[in-house]
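S.K.: please work out how this folds:
(chains A and B)
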Amino acid sequence: MRTEITIDGADTAGANYITWAPVRSSIRLVEANGGADPVEVLLRNQNTADGGQIVFRDVISGAEQDTLQVSLRADGTPADFFVAGKPGHPSVEDKDATIEVVKATGQDVLSTKALMVRIRKNADNLTEEERDRFLSAFAELNNQGMGRFRDFRDIHRDNTSLEAHGRAGFLPWHRAYELDLERELQRIDPSVALPYWKFDEPAPNLFTRAFIGVPNNLGRVQFDPGNPLEFWATDGVVAGIERSPFFDTDTSPAFVISEVDTLLLGGPQNLYAGFLDMEGDPHGFAHTSFGGSISQIDTAAKDPLFFLLHANVDRLWAKWQWLIGRFDSADPATYPFLGGAGEAGATRVGHNLKDTMWPWNQVTGSGPPNDRPTTAPGGNFPASPTVGAPSLEPKVGDMIDYQGVIGLKNRLGFDYDDFSPLQ
Amino acid sequence: MNTPEDRRRYAERIERAAEEQRQGYRVFSDRSRPAEERRTALHRVAALRGEDEVTEAVEVILNREGDPALRASALRTLGIEVGKRQDLIDMAIGLLRNSTEPAVVRQAALRVLQQSSFRAATFNPKLPEYLDALRTVIEDPDASLREQALEILAQRKDEYCQRRLLEGLKDPSQALVSPGKAVQLLGYDVHAEHYPLLRDIVQNPPSPEAKEEAVRLLASDPNSKELLTRIVENKEEYRRVRNASAAALQSLAPAEFEEQAKQIVYDPEEYDELRATAINALTLFADQEALDQDAELTGRVEQLREESPSKEVERTADRFLRKQRRRR
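M.R.: Have a look, this model is predicted:
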């Protein structure tokens, strides 16, 4: 007797990467070998001591369970269920979360299915393996300034800043930008999730020569020999990174307001319009807690730390959404500009909920009211094997319901390690 | 955190922080209290926002009789509003430009202005004034302010700043910063006409740091290939300079460097840092199919992984071999 599990969103190699959000799955008997009909089986984690852990639901609205009993028809009819990562138990390496199917009576293992609970984690807490996989993928993506990363470098510049800064679209645009990068890293190594720099706490394990580097007395970042970032180069000109912290990276946070103070920016009514002030503090002050390229819009994306900083900016927005329940894009408290550019009450193009976002929409310099930069590097938004959203030309509104709280189809395929959707 | 109870507890924590903010503001705005106490209270306030709070903060910031540290903290805590209001940007530029203001206040102004520059829609109209203020600050006696201003201008490819950096490199009596820093700042916009000067710095370095920085910039100069090769081959060279030359050469002439990297891996006399760098380059950038056919190299890397006392060599060799295994 044998069973077969299918989980939605497998990649071309048949591998599954899940987050805290439930994913539709099914199980069926493939070799019934006569005997009872139906057959009662139990789904459980093979190793409950280490690695990623999985929870099960019989229906989408059901309660999360560590095990799930399922009745399987002898004729091979699939039975549906849902899997999700167990909060607090993300994977540390690829395929370290294994579903084991056993007969409900007895312990015969009928089949296993290994997957990964792939979650964005605090960079300061990564294992050496996780850190090195991330750095290797990033170095390969950059390929000394000649790789695909060059598009990311070209997208975040002074002459494109109005697409991404100073207005309501700041947070959705950067969510898309970070997700685009993460998907490119995952094409190189699917076990990589973008780590975040929790800038309101000391991060002594991040600011090391083995990870994001430590500056010399000139602010030139030094790496351990063998660190994949050792050959970092951008703009086809200068090898290396300039970054001088104005704070003690071993013992102090950056010059930013704390996480709880950030979550208070929405005011008593918890409005996005108020929360957006986080673009100044902590976001802006996190950038300017350093000298060097990260302290200016035009040069910030030269430094890989930029992407860990912005992963934390996104995490703070995500946490605010989680805390207040701000996932419904029809609610102006979730996002204030509900229409599209040119409509009454709209703001600049690219910052309204129904606007597509540059550069993924590939629209260039058409003049007001659709004023865009003159080039659109990088092409459309990359598709993911794991989830169906966003579209190739994502709209601002596509970035809101990233966990699929309002609709499962909205899931963007990432989550953070310190909070998860409410049961 | 994934249950309603988790969220309720977190929300209570947020509410306590809100009360602390209110208490902090009451202390800060009480002018009868000592400056130190008011400044400490500002940490609890987190961000001064709204008309009343802005008015209160501006009075404190502009009070030249007031405690400089309190003024600087108030300016810092007003950062969000400065990024949204051009009148407050004007105020901060005025403080930065005024050399009679205390350094701590001007430092805070510079930090707040840089932060505000990320809000391009509001800040861009004020950018010319900001850059003009920075051009005056590069002559400032305060070394920290001077260096920060130079860096911001260099990143923005400011011609006046570049001219002053070059003048300082040619004539040390005109130097605004150390030669190493000046070379590094030139790197934000290096031109072909800079290469002869950079090669001269490499051959007659005013400091090892300046030499290392110049080597990095020569990574884009085709005429420097031989010079960089000589440095990589020179076992008497400073290690940092040699490693930087290896990285530069890898960028400039990847095929030649690949052969050199293999020699470094085989050379029993080489030091471990350079060996790790060489293995790293091969792992990341070499022709992977060719590497797979090179059993001798694979054997040498396996040997280094097992026998090298260097953790960096061991880790890099392991990554090389794991990547090779994944391809097979």
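S.K.: ok but A:Met116 is inside a helix, no?
M.R.: No - using DSSP: H, G, I helix; E, B strand; the rest coil, the assignment for A:Met116 is strand, not a helix.
S.K.: residues contacting it?
M.R.: By C-beta atoms under 8 Å, 6 or more residues apart in numbering or on different chains, the contact list for A:Met116 reads A:15-18, A:52, A:91, A:93-97, A:190-191. Placement of C-beta: from N, CA and C, glycine included.
S.K.: got the residues of the stretch 51-200 of chain B near chain A?
M.R.: Taking C-beta under 8 Å from any C-beta of the partner chain, the part of the stretch 51-200 of chain B that reaches chain A is made up of B:76, B:79-80, B:82-84, B:111, B:114-123, B:147-148, B:151-152, B:155-156, B:178, B:180-181, B:184, B:187-188, B:190.
S.K.: tell me how many other residues crowd A:Leu305.
M.R.: For A:Leu305, the neighbour count with other C-beta atoms under 10 Å in any protein chain shown is 26.
S.K.: ugh, wrong one, I meant B:Glu296
M.R.: Applying other C-beta under 10 Å, we find 9 residues neighbouring B:Glu296.
S.K.: in terms of helices and strands, where is it?
M.R.: Take DSSP states H and E as the rule and B:Glu296 turns out to sit in helix B:295-307.
S.K.: A:Val214 and A:Ser244, how far apart?
M.R.: A:Val214 sits 11 Å away from A:Ser244, going by C-beta to C-beta, to the nearest Å.
S.K.: neighbour count for these two, which is higher?
M.R.: With neighbours defined as other C-beta under 10 Å, A:Val214 and A:Ser244 compare such that A:Ser244 has more, 20 against 17.
S.K.: surely the more buried one meets A:Phe290?
M.R.: Yes - here A:Ser244 reaches A:Phe290: they are 6.0 Å apart, a contact under C-beta atoms under 8 Å.
S.K.: next secondary structure element downstream of the helix holding B:Glu296?
M.R.: Counting by DSSP H and E, the element after helix B:295-307 in chain order, helix or strand, is helix B:311-327.
S.K.: now do that following helix, average pLDDT.
M.R.: Helix B:311-327 carries an average pLDDT of 89.
S.K.: which other residues reach that helix?
M.R.: Identification of contacts with helix B:311-327 by C-beta under 8 Å, 6+ apart yields A:132, A:136, A:224-226, B:272-273, B:275-276, B:279-280, B:282-283, B:288, B:291-292, B:298, B:301-302, B:304-305, B:308.
S.K.: can you list the buried residues in it?
M.R.: Under the neighbour-count criterion of 16 or more other C-beta atoms under 10 Å in any protein chain shown, helix B:311-327 has B:312-321, B:323-324 buried.
S.K.: for those, give me TSV that also has distance to A:Gly340.
M.R.: Converted to TSV, the buried residues of helix B:311-327 look like this (distance: C-beta to C-beta, whole Å):
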residue	distance to A:Gly340
B:Glu312	53
B:Val313	57
B:Glu314	57
B:Arg315	51
B:Thr316	51
B:Ala317	55
B:Asp318	53
B:Arg319	48
B:Phe320	51
B:Leu321	54
B:Lys323	47
B:Gln324	51
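S.K.: just these now: which is nearest A:Arg24?
M.R.: Using C-beta to C-beta, B:Lys323 comes nearest to A:Arg24 of these, at 34.5 Å.
S.K.: once you drop chain neighbours, what's closest to B:Asp142?
M.R.: B:Ala103 (5.1 Å; C-beta to C-beta, 6 or more residues apart in numbering or on different chains).
S.K.: give me the pLDDT value at the one you found.
M.R.: pLDDT at B:Ala103 comes out at 96.
S.K.: surely A:Trp35 is in contact with A:Lys103?
M.R.: Not Trp; residue A:35 is Gly. No - applying C-beta under 8 Å as the test, A:Gly35 and A:Lys103 come out as separate, 10.3 Å apart.
S.K.: pLDDT value on the residue in the stretch 1-150 of chain A positioned nearest to chain B, please?
M.R.: Nearest residue of the stretch 1-150 of chain A to chain B: A:Pro87, at 4.1 Å (C-beta to the nearest C-beta). According to the prediction, A:Pro87 has pLDDT 93.
S.K.: correct me if wrong: it contacts A:Trp20.
M.R.: Yes - contact between A:Pro87 and A:Trp20 holds when scored by C-beta under 8 Å: they sit 5.9 Å apart.
S.K.: can I get the CA coordinates of stretch B:286-299 in CSV?
M.R.: Extracted C-alpha coordinates of stretch B:286-299, given in CSV (Å, rounded to 0.1, in the frame of the first residue of the first chain):
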residue,chain,number,x,y,z
ALA,B,286,34.9,30.2,-13.3
ASP,B,287,33.8,28.1,-16.3
GLN,B,288,31.9,25.5,-14.3
GLU,B,289,32.0,22.8,-16.9
ALA,B,290,35.7,23.1,-17.3
LEU,B,291,36.1,22.9,-13.5
ASP,B,292,34.1,19.7,-13.4
GLN,B,293,36.6,18.1,-15.8
ASP,B,294,39.6,19.2,-13.7
ALA,B,295,40.0,16.3,-11.4
GLU,B,296,43.4,17.5,-10.2
LEU,B,297,41.9,20.8,-9.0
THR,B,298,39.0,19.1,-7.3
GLY,B,299,41.5,16.8,-5.5
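S.K.: list the buried residues for that stretch?
M.R.: For stretch B:286-299, the neighbour count (16+ other C-beta under 10 Å) marks B:286, B:291, B:297 as buried.
S.K.: mind checking how far the nearest residue to the last one once chain neighbours are set aside is from chain A?
M.R.: Which is B:Leu297. Using C-beta to C-beta, 6+ apart and skipping residues adjacent in sequence, the residue nearest B:Leu297 is B:Lys262, 6.2 Å away. Look at B:Lys262 and chain A: by C-beta to the nearest C-beta, to the nearest Å, they are 16 Å apart.
S.K.: B:Lys262 touches B:Leu282, doesn't it?
M.R.: Yes - here B:Lys262 reaches B:Leu282: they are 7.2 Å apart, a contact under C-beta under 8 Å.
S.K.: anything in contact with each of those two?
M.R.: Contacts common to B:Lys262 and B:Leu282, judged by C-beta under 8 Å, 6+ apart, are B:Leu297.
S.K.: any idea which residue sits dead centre in chain B?
M.R.: In chain B, the centroid-proximal residue (C-alpha atoms, centre = their mean) is B:Glu151; its distance is 9.5 Å.
S.K.: tell me, how many residues neighbour A:Arg209?
M.R.: 16.
S.K.: what does A:Phe290 give?
M.R.: A:Phe290: 24 surrounding residues under other C-beta under 10 Å.
S.K.: now A:Gly35
M.R.: A:Gly35 has 9 nearby residues by other C-beta under 10 Å.
S.K.: that one and A:Ala79: what is the separation?
M.R.: Here A:Gly35 is placed at a distance of 17 Å from A:Ala79 (C-beta to C-beta).
S.K.: quick one: contacts for B:Arg85?
M.R.: So B:Arg85 contacts B:54, B:122 (C-beta under 8 Å, 6+ apart).
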